[in-house]
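> here is my input, please return the structure:
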Amino acid sequence: MSKPTVLLVDDEPDILQLLEITLARMNLLTLRATTLAQAREHLENHTPDLCLTDMKLPDGNGLTLIEHMQREYPDIPIAMITAHGSVESAIEALKLGAFDFVTKPLALDKLRSMVQQALQVKVSAVTDSSRELIGRTPPMQRLRAQIHKVARSQAPVHIQGESGVGKEVVARLIHQLSPRASKPFIAVNCGAIPPELVESELFGHRKGAFTGAQQDKVGLFQAASGGTLLLDEVADLPMPMQVKLLRVIQEKAVRPVGAEAEESTDIRLLSATHKNLIHEVRAGRFRDDLYYRINVIGIQVPSLRERPEDISALAEYLLNQMANEHQTAIKHLDETAINALMSHDFPGNVRELQNILARASALSDGSVISSSDLQFEVLTSTAQLPVDVLSEAPSEITLTTTGSSGDAPGLSEVNGELEVYLEDIERNILNDAMIKNRWNKTAAAKSLGISFRSLRYRLKKLGLED
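Coordinates of the predicted model:
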């Protein structure tokens, strides 16, 4: 097989020579161009496997070349070489479709790692992910196309969507379709970690760094080395931690708690939240500079309400999955059940659908599930609630009814005391969760599927804090 070829575009002879020597030692061929015109000429006559371009060139800049290649040669990954500190230029390059960037002076270990990853990029058919993302509606087709496109890049991606839509599924697909697929994928719920432990969990610590630190601990950034790290519910990060995360993204290095020096890190950073980050920025709860660093590429995961035509296929898939997990016969939905599901609002999205089907599967007689077997959850859609309410409200606490009509039992008797009625139910749910977890707030929050901060807020509001 012929050796891979890398097109080098730079007008500095010393940089070109250093790149050629480094890549030759990696058993790679190189083509040299000192201007945009020469680069375009090489592209017309050759098909390189990768392009490395400087930002400043005699007849233009590297961003122009990125745009040209994205339009004419989208299958060839391109990476940017920028001056140290030119973070804005690097981010602009990533937004235009660059695979990644390296800064001058060149760190050869980082350069080699980036080149190896870029050469592993494969163009996959959009249908390859159909087994993971169920649905053929236009919103899902657009989501698949986005996933395949961003998987070929190293740019930070922020995944936005309501609770239960499958943000982690999207993150895992990005990882599986990326050059980092053979390396670890680690997802961490930022809201489930006590604020005082976030830095140690993410960056690690040294023995003796604080009381209880009896040995060195590897942080999640280093544990995910070479792979992908998902910061789920990133909006729940404490403000001091947001400052440190910003530096990690910019410098690609972490400093474990108690360590004297930084350690380089090699991860693809993904983040997700059900909150409106723009609102969080305006409210002063999230740093605007961090928002622009993690949201280089944004993906919006559609709610189930936006794709009701997918509900039937998704329900069948979930029922098959449940049957395989529990080694039971596969159950199917009749027409009345399908119609009932398609008319439901699904504020809890796919997670709510999964819960409804699990109950129906357990309660129904025979192999067919009808509408009378369905128990719908009563919960106002997150899309209809003000964002400031969403920022504090638990996302997973629900009320269940005993029928398919959607009317909660007993509501007619409360006559204006709905809020008290709901608070009593919520208080009982929280109290049961705390008792089952022996009043460990972190464990209780995890069992309820809400953030530690949200649990603490609710306990205080309902008089259960002590």
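> outside of stretch 250-267, which residues touch it?
Applying Cβ atoms under 8 Å, 6 or more residues apart in numbering, the external contacts of stretch 250-267 come out as 87, 107, 109-110, 113, 199-200, 202-210, 213, 216-217, 219, 221-222, 224-229, 248, 293. In short, each C-beta sits where N, CA and C put it, glycine included.
> quick one: buried residues of that stretch?
Using 16 or more other Cβ atoms under 10 Å as the test for burial, stretch 250-267 gives 252, 254-258, 265-267.
> ends of that stretch, how far apart?
For stretch 250-267, the first-to-last residue distance is 12 Å (Cα to Cα, to the nearest Å).
> chain center to that stretch, what's the gap?
Taking Cα atoms, centre = their mean, to the nearest Å, one finds the center of stretch 250-267 at 22 Å from the center of the full chain.
> quick one: low-confidence ranges for the stretch 51-200 of the chain?
For the stretch 51-200 of the chain, applying pLDDT under 70 flags the ranges 84-85, 122-132.
> which stretches of it form helices?
62-72, 87-96, 108-119, 138-151, 167-176, 198-203 (DSSP state H, counting those that start in this stretch).
> could you dump these into JSON lines and include distance to residue 443 and mean neighbour count?
Output for those, formatted as JSON lines (distance: least, Cβ to Cβ, whole Å; neighbours: other Cβ atoms under 10 Å):
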{"stretch": "helix 62-72", "distance to residue 443": "47", "mean neighbour count": "18"}
{"stretch": "helix 87-96", "distance to residue 443": "38", "mean neighbour count": "19"}
{"stretch": "helix 108-119", "distance to residue 443": "37", "mean neighbour count": "17"}
{"stretch": "helix 138-151", "distance to residue 443": "33", "mean neighbour count": "18"}
{"stretch": "helix 167-176", "distance to residue 443": "20", "mean neighbour count": "22"}
{"stretch": "helix 198-203", "distance to residue 443": "15", "mean neighbour count": "21"}
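> then the biggest helix by length in the chain to PDB, C-alphas only?
Secondary structure of the chain per DSSP state H: the longest helix is helix 418-436. What follows is helix 418-436, C-alpha atoms only, in PDB (Å, rounded to 0.1, in the frame of the first residue of the first chain):
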ATOM      1  CA  LEU A 418     -53.000  22.000  43.700                       C
ATOM      2  CA  GLU A 419     -49.600  23.400  44.800                       C
ATOM      3  CA  VAL A 420     -49.900  22.000  48.300                       C
ATOM      4  CA  TYR A 421     -51.100  18.700  46.900                       C
ATOM      5  CA  LEU A 422     -48.100  18.400  44.500                       C
ATOM      6  CA  GLU A 423     -45.600  19.500  47.200                       C
ATOM      7  CA  ASP A 424     -46.900  16.800  49.500                       C
ATOM      8  CA  ILE A 425     -46.300  14.200  46.800                       C
ATOM      9  CA  GLU A 426     -42.900  15.600  46.000                       C
ATOM     10  CA  ARG A 427     -42.000  15.600  49.700                       C
ATOM     11  CA  ASN A 428     -42.900  11.900  50.000                       C
ATOM     12  CA  ILE A 429     -40.800  11.000  47.000                       C
ATOM     13  CA  LEU A 430     -37.800  13.000  48.200                       C
ATOM     14  CA  ASN A 431     -38.200  11.600  51.700                       C
ATOM     15  CA  ASP A 432     -38.400   8.000  50.500                       C
ATOM     16  CA  ALA A 433     -35.300   8.500  48.300                       C
ATOM     17  CA  MET A 434     -33.300  10.000  51.200                       C
ATOM     18  CA  ILE A 435     -34.300   7.100  53.500                       C
ATOM     19  CA  LYS A 436     -33.400   4.500  50.900                       C
END
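> so which bits of that helix are buried?
Those would be 421-422, 426-427, 429-430, 433-434, for helix 418-436 by 16+ other Cβ under 10 Å.
> pLDDT of that helix, averaged?
For helix 418-436, the mean per-residue pLDDT is 76.
> okay if I get the helices of the stretch 51-200 of the chain as JSON lines plus distance to residue 29?
As requested, the helices of the stretch 51-200 of the chain are exported to JSON lines (distance: least, Cβ to Cβ, whole Å):
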{"stretch": "helix 62-72", "distance to residue 29": "19"}
{"stretch": "helix 87-96", "distance to residue 29": "24"}
{"stretch": "helix 108-119", "distance to residue 29": "12"}
{"stretch": "helix 138-151", "distance to residue 29": "26"}
{"stretch": "helix 167-176", "distance to residue 29": "30"}
{"stretch": "helix 198-203", "distance to residue 29": "39"}
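> between those, which one is nearest to residue 351?
Checking these against residue 351 by Cβ to Cβ gives helix 167-176 as the closest, at 10.8 Å.
> show me the contact partners of that closest one.
Taking Cβ under 8 Å, 6+ apart as the rule, helix 167-176 contacts 129, 132-133, 143, 147, 150-151, 157, 159-161, 181, 185, 187, 227-228, 230, 232, 268, 270, 272, 274, 299, 301.
> in strands, which of these fall?
157, 159-160, 185, 187, 228, 230, 232, 268, 270, 272, 299 (DSSP state E).
> now, the most widely separated pair of the residues you listed?
Farthest apart among the ones in strands among the contacts of helix 167-176 - using Cβ to Cβ - are 160 and 185, which lie 19.6 Å from each other.
> against residue 36, how distant is the nearest residue in space to residue 72 that is not next to it in sequence?
Among residues not flanking residue 72 along the chain, residue 43 sits closest, at 7.4 Å (Cβ to Cβ, 6 or more residues apart in numbering). Counting by Cβ to Cβ, to the nearest Å, the gap from residue 43 to residue 36 is 11 Å.
> now do residue 62
Counting by Cβ to Cβ - residue 62 and residue 36 are separated by 9 Å.
> name the residues contacting each of the two.
With Cβ under 8 Å, 6+ apart as the test, residue 62 and residue 36 both reach residue 9.
> which pair in the buried residues of stretch 250-267 spans the largest distance?
Maximum distance among those (Cβ to Cβ): 22.3 Å, for 258 and 266.
> cheers, nothing more for now.
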